[in-house]
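Curious how this folds, go ahead:
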Amino acid sequence: MTNAERPHRSLDALGVVALVARRELLTRLRSKVFLITTGIAALLVVAASLLATLISTDEGTDATIGVPAGAPTLPDQIAVVGASLGLNLDTEEVAGIEDGRAGVRDGDLDAFVMPDGERLSVIVESDLDPELESAFNVLAASTVLDREITDRGGDPAAVNRAISQAAVNLETLEDPRFDVERLILGMIAGILIYGSLLMHGQALAQGVVEEKSSRVIELLLSTIRPWQLMAGKVLGIGTLGLIQIAVIAGAGVISAVATDALTISFGSIAGTAAWLIVWYIVGFFGYALVLAAVSALVSRQEDINAVLTPVLMLIISGFVIGISVLPSDPDSAVIRVMSLIPTFAPMLMPMRLAIGGVPAWEALLALGLALAMIPLLIWVSGRVYRNAIMRTGSRMKLRDAFRAAS
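Model (predicted):
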């Protein structure tokens, strides 16, 4: 073969991969199962946004504020300030500051408020709601204003100086927790990646075994090479999963923004969606290569679970650990370490990125390690697939498939 002929052959090889990918994509894209599952998932995220909006607009008490018994005018001031900001604030008198702390700690009070010289002291359990913070700042200014007007005879200069110094002195009884909305966003990102990897990864493996058991593989490999068939199937089914995730995530973002179900910025939501897509591509490509290789070891659908289970357990364990640990401890050292490991990063890192607080070097390191593992997976999986795909009969051992002569 001359040097001039090699580029043409390379283009033909890539063209074959594209044809296989196109066949896999179009065949599955038209299936009723794919259309129904995608539609239901999109409707569910839209319904979740609407439900969150309905819950958030409930006209009940927004907060219960504890006040000391020795401040008779404070409850009326809180009610007026709350009404001016569109908040329904109830007040409850307590004997003293220690009783106020106990009420906050037990969950009976959302906050305890008492005048403290030039400031207004506020005690909360872990963090202060932004709407309540605005109300307390207004209340602090109002408290100072009333006192200065009484004590200084209404001197405008003195009143303005005192008001400019008014502020909230915040005391927290616990370390601030992560934003709940970001936590929910992270859980949704993890669920989407987990579900797509599981569903489309198994579809890829079942397709390999189906072609092998029906002897279709013999016809296909009489015209194309094993690596072209494997690469085309991975690319086609991966694109299908990417389309599905894009549709579901897009429906969720649009509905959340349209209904104001999420108060975090659109940029944060879009960033989460972008990382979701990046990690899906990296995660699916890595896992799909392994699933295609191990599924080639068997010739019957009845035997497929035995070879898929060890691989699927990695996906399942990463997801289960994420949803069980992250809600209670988003900054867990175990999660931080596991999210850097390529086998768990596709599930855990997008969840952490959605929640926030991930150093840039950790995100880049996790992505770099996952990408660095891809060439090794291509070589190992390609070798196993090539050596096992034409073998029929009983299950072939992974070690034998790797060592078999090409």
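
got the residue ranges for the helices in the stretch 1-150 of the chain?
6-29, 32-56, 74-84, 97-106, 130-151 (DSSP state H, counting those that start in this stretch).

List just the one of those that sits closest to Val234.
For Val234, the closest of these is helix 6-29, at 8.2 Å, according to CB to CB. All C-beta spots, glycine's among them, are computed from the backbone N, C-alpha and C.

Export the helices of the stretch 1-150 of the chain to a markdown table and append columns for distance to Leu192, mean pLDDT and mean neighbour count.
Below are the helices of the stretch 1-150 of the chain laid out as a markdown table (distance: least, CB to CB, whole Å; pLDDT from 0 to 100; neighbours: other CB atoms under 10 Å):
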| stretch | distance to Leu192 | mean pLDDT | mean neighbour count |
| --- | --- | --- | --- |
| helix 6-29 | 18 | 75 | 14 |
| helix 32-56 | 8 | 80 | 14 |
| helix 74-84 | 39 | 77 | 17 |
| helix 97-106 | 37 | 86 | 16 |
| helix 130-151 | 28 | 75 | 18 |
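
Ok, which of those helices comes nearest Val247?
Of the helices of the stretch 1-150 of the chain, nearest to Val247 by CB to CB is helix 32-56, at 5.7 Å.

how far off helix 6-29 does that closest one point, in degrees?
Helix 32-56 and helix 6-29 are oriented at 70 degrees to each other (axes from the mean of the first three to the mean of the last three CA atoms, to 10 degrees).

looking at the helices of the stretch 1-150 of the chain, which is closest to Trp275?
helix 32-56 (17.2 Å).

what does that closest one rub up against?
For helix 32-56, the surrounding residues in contact (CB atoms under 8 Å, 6 or more residues apart in numbering) are 28, 188, 195, 199, 240, 244, 247-248, 251-252, 255-256, 258-262.

Drop anything exposed from those residues.
Those of these that meet the buried threshold are 28, 188, 195, 199, 240, 244, 248, 251-252, 255-256, 259, 261-262, by 16 or more other CB atoms under 10 Å.

List just the nearest of the residues you listed to Arg119.
The closest of the buried ones among the contacts of helix 32-56 to Arg119 turns out to be Leu262 (CB to CB; 33.0 Å).

re the thing from before, quick one: closest of the helices of the stretch 1-150 of the chain to Thr309.
Relative to Thr309, the nearest member of the helices of the stretch 1-150 of the chain by CB to CB is helix 32-56, separated by 22.6 Å.

For the helices of the stretch 1-150 of the chain, give me JSON lines that also has distance to Leu371.
Formatted as JSON lines, these follow (distance: least, CB to CB, whole Å):
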{"stretch": "helix 6-29", "distance to Leu371": "20"}
{"stretch": "helix 32-56", "distance to Leu371": "28"}
{"stretch": "helix 74-84", "distance to Leu371": "52"}
{"stretch": "helix 97-106", "distance to Leu371": "47"}
{"stretch": "helix 130-151", "distance to Leu371": "39"}
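
Nearest to Leu219 among those would be which one?
helix 6-29 (13.2 Å).
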